[in-house]
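[1] Let's see this in three dimensions:
(one chain, ligands or ions: 1)
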Amino acid sequence: MAGGKHAHFVPCMVCLAEDSQLVKAVRTYEGVEDDQYHCVRGHDFGMDWRRGPADEPQWPPDPAMIAELGPPIER
Ligand SMILES: [Zn+2]
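    As a prediction, this is how the structure comes out:
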């Protein structure tokens, strides 16, 4: 279960941290406490969902993030 149904797509944490860009990542493995993701630019990373599954879709990013970081990159 981990991130749940709303966490199938998320912004890539690596692109966000290194390039301050919103890049789409898809879940490649759903675990009990964390999920694994692969972004369209090739990063693999894990997200910890121990605090509970996402309560709303994680992609597209919310308008405030897009306003700050620029248009989301989907491919
Ligand atoms: Zn990435």
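[2] For this structure, just list every one of the helices.
    For the chain, applying DSSP state H gives helices covering 13-19, 63-69.
[3] how about those helices in a markdown table, adding mean pLDDT, mean neighbour count and distance to the ion?
    C-beta here means a position set from N, CA and C on the backbone, and glycine is covered the same way. Formatted as a markdown table, those follow (pLDDT from 0 to 100; neighbours: other CB atoms under 10 Å; distance: least, CB to the ion, whole Å):
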| stretch | mean pLDDT | mean neighbour count | distance to the ion |
| --- | --- | --- | --- |
| helix 13-19 | 98 | 15 | 4 |
| helix 63-69 | 96 | 11 | 13 |
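[4] among those helices, which is nearest Tyr37?
    helix 13-19 (8.0 Å; CB to CB).
[5] For the chain, which residues are neighbours of the ion?
    Contact residues (CB under 5 Å from the ion) of the chain with the ion: 12, 14-15, 23, 39, 41, 43.
[6] So which residue is smack in the middle of this structure?
    The centroid of the chain falls nearest to Val10 when counting by CA atoms, centre = their mean (2.0 Å).
[7] I'd guessed that residue sits against Tyr37; true?
    Yes: applying CB atoms under 8 Å, one finds Val10 in contact with Tyr37, separated by 6.1 Å.
[8] Thanks a lot, see you next time.
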